[in-house]
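**Student:** Generate a structure from the sequence data that follows.
(one chain, ligands or ions: 1)
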Amino acid sequence: MADKHQHRVTSEVGRLRTVLLHRPGAELKRLTPRNSDKLLFDAIPWVGRAQEEHDGFAQALRERGVEVLYLTELLQDALEYEAAREQAISYVLDDKRLGDQLRRVVKGYLDGLDPEDLSHTLIAGLAHEELKAGHGLVYRLMDRHDFVIDPLPGLLFTRDNSAWIGDRVAVTSLAMPARHGESAITGLIYAHHPRFAGLEPVYDPSLEHLEGGDILLLSPGVLAVGTGERTTPAGVERLARQVFDAGLAHTVLAVPIAQERATMHLDTVCTMVDVDTVVMYPPVAHSLQAFTVTSANGDLRVSEPRQFLEAAAEAMGLDRLKVIDTGLDPVTAEREQWDDGNNTLAVAPRLAVAYERNIETNAQLEAAGIEVIRISGSELGSGRGGPRCMSCPILRDAPPPAP
Ligand SMILES: NC(=O)NCCC[C@H](N)C(=O)O
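**Tutor:** Coordinates of the predicted model:
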């Protein structure tokens, strides 16, 4: 059985002990102006610099005593097991675009790879020219820029493809086709890596769309779940049922967010830096609404919508939630929201990692008494995601009581 105490997250701010990151690699080198929109990047990153920035992020966490797990290492370990290999290969072969003949060639190719190379191929994908499968119809009709196996540059954002709620993991159901393969990989790690033996996920990718960036653990037993471009209302409803049935939460706030790229996840407009303090993008701070969902006689009870900050404070048992604004003037606020100013990662109460570029937001945080660990993210940010998006906490201490 897994040691439950190694995996438990009940808040956004309890001292961070273990986190899952993905150091970006060859999958980012696949990005070109031709495919970047589809792969959900807004610019073409300089990969070497992105790696340096990511190493800086990991190092900043380690210096604060956080154990950093790398997704690639866990995947390679898991792929040592035959059942994991079979699951990975059958996921790839399930792609209907392949057709029988190319599927056979791809199977032969993957069967010949050792765990390290198989892990590499699952993440970096396989370009047309890398597979010499010359004579088949599907292969010949493919464009030479097409991928036989799609790369997964979105893996950088480990927040989205799995999320821990208490001592259970939600392997999420990502909405965008470019990201579907990510939860196949995290699902495989949690199913086969010995570190997670005996773990039973509380959510799986066959369910309604749900992304980790939309899930905020406001306080033990209280979740806020954004619903907009990614997580669907049905995804929030399904998660509420799953966490209530598993006894992981008593209240879920369903929070509608604008269905657009700038606000793709709830954590692009709101993150927590203390047990009673959020960082919010001013235009949404006082307009955001929430439906409070609770369990009643085995079914869901849904309240009338209320202001998010009020509904959240009430569910958390607080008089009010303190709000730190990102930026003072509207133009700077909009620029810094786009550059992930709101997307802070709390390492402990009142200690948060943030991109250094968001000068005003960081100044606001410090003025409010929050210690800011600045990291550079000029290249990392090209996929639109900050320190919270790039991290999946696996173990946090229980948060202290609110003052
Ligand atoms: N939680 C987050 O906001 N994650 C960032 C995801 C960025 C990625 N390029 C995407 O569009 O899905």
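
**Student:** Could you confirm residue 218 falls within a helix?
**Tutor:** No: looking at residue 218 with DSSP: H, G, I helix; E, B strand; the rest coil, it is strand, so not inside a helix.

**Student:** I'd say it and residue 272 touch.
**Tutor:** Yes: Residue 218 is within contact range of residue 272, at 7.2 Å (criterion: C-beta atoms under 8 Å). C-beta: built from backbone N, CA, C; applies to glycine.

**Student:** Identify the contacts common to these two.
**Tutor:** 11, 12 (C-beta atoms under 8 Å, 6 or more residues apart in numbering).

**Student:** count of residues packed around whatever residue of the chain ends up closest to the ligand?
**Tutor:** Distance from the ligand to each residue of the chain (C-beta to the nearest ligand atom) is smallest for residue 213, at 2.3 Å. Residues contacting residue 213 under the criterion other C-beta atoms under 10 Å number 23.

**Student:** Please save the CA atoms from stretch 214-232 in CSV.
**Tutor:** Presented in CSV, the C-alpha positions along stretch 214-232 are these (Å, rounded to 0.1, in the frame of the first residue of the first chain):
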residue,chain,number,x,y,z
ASP,A,214,-9.2,25.3,-12.6
ILE,A,215,-9.1,23.6,-9.2
LEU,A,216,-8.2,25.7,-6.1
LEU,A,217,-8.1,24.1,-2.7
LEU,A,218,-9.3,27.1,-0.8
SER,A,219,-9.1,25.4,2.6
PRO,A,220,-9.4,21.8,3.8
GLY,A,221,-12.8,20.5,2.5
VAL,A,222,-13.5,23.6,0.3
LEU,A,223,-12.7,23.6,-3.4
ALA,A,224,-13.2,26.4,-6.0
VAL,A,225,-13.5,25.1,-9.6
GLY,A,226,-13.4,27.4,-12.5
THR,A,227,-15.5,26.6,-15.5
GLY,A,228,-14.9,28.3,-18.8
GLU,A,229,-12.6,27.6,-21.8
ARG,A,230,-11.4,24.2,-20.3
THR,A,231,-13.4,22.7,-17.4
THR,A,232,-17.0,22.3,-18.4
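
**Student:** Help me confirm that residue 369 comes into contact with residue 350.
**Tutor:** Yes: using C-beta under 8 Å, residue 369 makes contact with residue 350 at a distance of 6.4 Å.

**Student:** Comparing the two, which residue is more hemmed in?
**Tutor:** residue 350 (16 against 11).

**Student:** Who are the contact partners of that one?
**Tutor:** 273, 274, 277, 369, 370, 371.

**Student:** quick one: the residue of the chain closest to the ligand is in a helix?
**Tutor:** Yes: residue state for residue 213 (three-state DSSP) corresponds to a helix.

**Student:** wait, it sits on residue 389?
**Tutor:** Yes: under the criterion of C-beta under 8 Å, residue 213 makes contact with residue 389 at 5.8 Å.

**Student:** Common neighbours of the two, please.
**Tutor:** Common neighbours of residue 213 and residue 389 (criterion: C-beta under 8 Å, 6+ apart): 157, 159, 160, 265, 267.

**Student:** wait, what's in contact with the fourth one?
**Tutor:** Translated: residue 265. By C-beta under 8 Å, 6+ apart, the neighbours of residue 265 are 160, 211, 213, 214, 226, 228, 229, 230, 231, 257, 389.

**Student:** try it again with 6 Å
**Tutor:** By C-beta atoms under 6 Å, 6 or more residues apart in numbering, residue 265 lies in contact with 213, 214, 226.

**Student:** again, but for the last one
**Tutor:** Shown here is residue 267, whose contacts under the criterion C-beta under 6 Å, 6+ apart are 213, 343, 388.
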